[in-house]
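Asks: Using only what follows, build the 3D model:
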Amino acid sequence: MCLPWHVGANGLQPYNGFLHSPALSLLDPVGKVHNVDDYRGQVKLVNFWASWCPPCILEMPDMQRLKDKLAGRPFTILAVNVRESPGTIWKFLSRVKVDFTLLRDSDGQATRDWEVRVYPTSFLVDGKGEIRYIARGAREWDAPDIIQLIEEMIAEDNSP
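Replies: Modelled structure (predicted):
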């Protein structure tokens with residue numbers, strides 16, 4: 001199921017599920033393994049998406065702009081494609097130009113572990129690996145209020 005686009009208020013909700021992010025060790029489309037723990041010390045946007053989901057596709061350019069605006073900061077995007085083939089992902093990348101990390105959840109296990117039930121679903125995870133916020137449905141990821149929230153999370157992670 002796809003949820004619609006949310007405009008205006010960021011629509012991020014404080015996360016009240018499991019505190020530490022579940023394991024996430026997946027391959028990118030070229031076969032390199034990425035583990036969420038490899039990004040410790042960075043704020044992470046973990047986004048679950050599919051190419052057949054129009055809201056998922058619509059938010060991708062905003063995610064790219066967010067990545068560009070936070071370049072050089074301890075921030076990364078891990079976009080987890082759910083159950084699609086590498087060919088489908090490559091075809092998607094030929095149409096939608098993004099350069100953040102795309103991962104394949106080929107069997108849906110990560111989706112189940114993170115308790116994702118609708119697409120897109122995104123999590124903001126702090127540098128310690130704790131899920132702080134969840135968004136169900138597409139967002140304007142480059143909106144000023146979201147950028148400010150992420151910058152605050154970065155500052156918290158880097159304070160003494």
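Asks: Output stretch 96-113 in CSV, but only the C-alpha positions, please.
Replies: Provided in CSV are the C-alpha atoms of stretch 96-113 (Å, rounded to 0.1, in the frame of the first residue of the first chain):
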residue,chain,number,x,y,z
VAL,A,96,15.3,9.1,-11.5
LYS,A,97,18.8,10.5,-10.9
VAL,A,98,19.9,10.0,-7.3
ASP,A,99,23.3,9.3,-5.8
PHE,A,100,22.5,8.2,-2.3
THR,A,101,22.8,4.6,-1.2
LEU,A,102,20.1,2.3,-2.6
LEU,A,103,19.8,-1.2,-1.0
ARG,A,104,17.9,-4.3,-1.9
ASP,A,105,15.6,-6.1,0.6
SER,A,106,15.2,-9.0,-1.8
ASP,A,107,13.3,-11.3,0.6
GLY,A,108,11.5,-8.6,2.6
GLN,A,109,13.2,-9.6,5.9
ALA,A,110,14.4,-6.1,6.6
THR,A,111,11.0,-4.7,5.9
ARG,A,112,9.5,-7.1,8.4
ASP,A,113,12.3,-6.4,11.0
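Asks: Show me what counts as buried in that stretch.
Replies: By neighbour count on 16 or more other CB atoms under 10 Å, the buried set for stretch 96-113 is 100, 101, 102, 103, 104, 105, 110, 111. (C-beta placed from N, C-alpha, C; glycine too.)
Asks: same question for that stretch, mean pLDDT?
Replies: Model confidence over stretch 96-113, given as mean pLDDT, is 95.
Asks: centre of the chain versus it, how much separation?
Replies: On the basis of CA atoms, centre = their mean, to the nearest Å, the separation between the geometric centre of stretch 96-113 and that of its chain is 9 Å.
Asks: what bits of this structure have low per-residue confidence?
Replies: 1-10, 160 (pLDDT under 70).
Asks: 80 instead, please
Replies: 1-11, 18-19, 157-160 (pLDDT under 80).
Asks: in it, which spans are strands?
Replies: Here the chain has its strands, by DSSP state E, at 13-14, 25-27, 33-35, 43-49, 75-82, 101-105, 121-125, 131-136.
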